[in-house]
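Student: Following is a predicted model, sequence given first.
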Amino acid sequence: MKRFLFAGYAAILIALTFFSYLFVDANFMYFSSPLKGFDGQHRSLIAGTYFLLISIFFGIYIFLIKNYNLIFPNLSKLKKIIMLLLIPVFAYPAMFSYDLFNYIATSKVLFYYHENPYLVMPIDFIGEPTLMFTRAANKLALYGIFWTFISGIPYLLSLGNYLVSIFMFKLFAGLFYLGLVFLMWKLTKNKLSVVLFAANPLVIIETFISGHNDVVMMFFALLAIYFLRNKRIFLAVIFLILSVFIKYATLFLVPLFLLTILQYAKNKKIDWSRFYLLAFFSMFAIFILSFLREEIYPWYTIWPLTFLVLIPQKRKLIYLYIGLTFGLMLSYIPYMYFGTYSDPTPFIKILFMLFPPACVFLYQVIKVNKKSIL
């Protein structure tokens, strides 16, 4: 069974990697392919295939959660599954989002053109070839100064090769993903916590296919908590500040940190399960409020999930949240099918997003009622 599961997991990652190349932008000049424009010409097929792939992926994920002790009797077995995540590093990153292209463009403004990306936009460089397929090129740097600085690492390691830079940025995010998973193990010593996060399809797709930097922000936030637990307050504050200066969202953790430091000063015992739950609700609040700025993006769910998996005893809440991650991955389907962000796409996106968690909630209510009747 383990070999079959391992092969199935590898197969779904390979399938998603190949599937991503059906979304290559027609202006992406770094390789030619007869499949360019396929997503626009076969929308029903694309949407149906994606639904099948993502459903299978989540099916495998639920099976892993239910049988994690049997499948992962030791951490070495889990490491083998995690190593498979090198496969989607080679996927085309803009299947769902163009953010990775924006990371590269911002880095190029600073490290190639030697201009301040908070004052100069990528579009200001006439004749820059990547502007043909980069989105949001008419915006100043969107992220904190620490992210802009460390993004120079994968950019400079690419030695000016654009294709290499794509893979370097993904590998860079992947290193922080591994660091995040390691910290989860250090904080909990619980295999279920690790599996809940590390194997979640949304986390894998948004990190290793789309290359989002959310795991980087959350790594520094969790590292801050690790030092906070060990009463190394100075380091905890430093790493929380670094997290904030990646994407700002972890500002919502500051009151919780201050409260904990105050409790330390009064020699009070810290209830860390309660701390993680409050951290989850803090990050979930800013996740929900993100629609006030633009819209709720699927990769934002990584923020609250980082803390929720640290309290695996909260099974009902965890399964509701898994339902939400499934719904958010399904919410890509309306655009794939209709090819537009205008009506009816927004309304159908909301239906796709809310349907799975609603089903989970209904199942939990029915299960409780059956027990009370018996």
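Tutor: Thanks, I have the structure now. Residues are numbered from 1 along each chain as shown.

Student: Counting by contacts, list what the worst-scoring helix or strand of the chain on mean pLDDT packs against.
Tutor: Within the chain, no helix or strand scores below helix 75-83, which has a mean of 77 by mean pLDDT, DSSP states H and E. Applying 3 or more C-beta pairs under 8 Å, 6 or more residues apart in numbering; DSSP states H and E, one finds that helix 75-83 contacts helix 2-20, helix 162-188, helix 191-198. Backbone N, C-alpha and C define where each C-beta goes, glycine included.

Student: neighbouring contacts of the helix or strand that comes right after the last one?
Tutor: Of the helices and strands lying after helix 191-198 in sequence (DSSP states H and E), the nearest is helix 201-204. Residues lying outside helix 201-204 but in contact with it, judged by C-beta atoms under 8 Å, 6 or more residues apart in numbering, are 13, 54, 57-58, 61, 85, 88, 177, 197, 215, 298-299, 301-302, 305, 325-326, 328-329.

Student: quick check: mean pLDDT across the following helix or strand past helix 201-204?
Tutor: Per DSSP H and E, helix 201-204 leads on to helix 214-229 as the next helix or strand towards the C-terminus. The average of the pLDDT scores along helix 214-229 is 98.

Student: before we move on, what about stretch 340-359?
Tutor: Rounded mean pLDDT across stretch 340-359 is 93.

Student: Now do the buried residues in that stretch.
Tutor: Buried residues in stretch 340-359, counted by 16 or more other C-beta atoms under 10 Å: 345, 348-349, 352-354, 356-357.

Student: Please apply the same query to stretch 114-123.
Tutor: 115, 117, 120-122.

Student: Relative to the whole chain's centre, how far out is it?
Tutor: 27 Å (C-alpha atoms, centre = their mean, to the nearest Å).

Student: Pull the residues that contact it.
Tutor: 105-106, 108-110, 113, 128, 130-131, 134, 137-141, 145, 148.

Student: Identify those among those residues that sit within helices.
Tutor: Here DSSP state H is the test, and the contacts of stretch 114-123 give 105-106, 108-110, 145, 148 as lying in helices.

Student: Any of those buried? List them.
Tutor: 105-106, 108-110, 148.

Student: Please tabulate those residues in JSON lines, including the columns pLDDT and distance to Tyr335.
Tutor: Shown next, in JSON lines, are those (pLDDT from 0 to 100; distance: C-beta to C-beta, whole Å):
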{"residue": "Ala105", "pLDDT": "94", "distance to Tyr335": "23"}
{"residue": "Thr106", "pLDDT": "95", "distance to Tyr335": "25"}
{"residue": "Lys108", "pLDDT": "95", "distance to Tyr335": "28"}
{"residue": "Val109", "pLDDT": "96", "distance to Tyr335": "29"}
{"residue": "Leu110", "pLDDT": "96", "distance to Tyr335": "32"}
{"residue": "Thr148", "pLDDT": "96", "distance to Tyr335": "29"}
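
Student: Mind pulling up the pLDDT for Arg3?
Tutor: So Arg3 comes in at 75 (pLDDT).

Student: neighbours around it, how many?
Tutor: By the criterion of other C-beta atoms under 10 Å, Arg3 has 7 neighbours.

Student: Secondary structure element holding Leu277?
Tutor: Short version, using DSSP H and E: Leu277 is in helix 272-289.

Student: residues of that helix that come out buried?
Tutor: Under the neighbour-count criterion of 16+ other C-beta under 10 Å, helix 272-289 has 272, 275-280, 282-284, 286-287 buried.

Student: which helices and strands does it pack with?
Tutor: helix 214-229, helix 254-265, helix 302-308.

Student: Great, nothing more from me.
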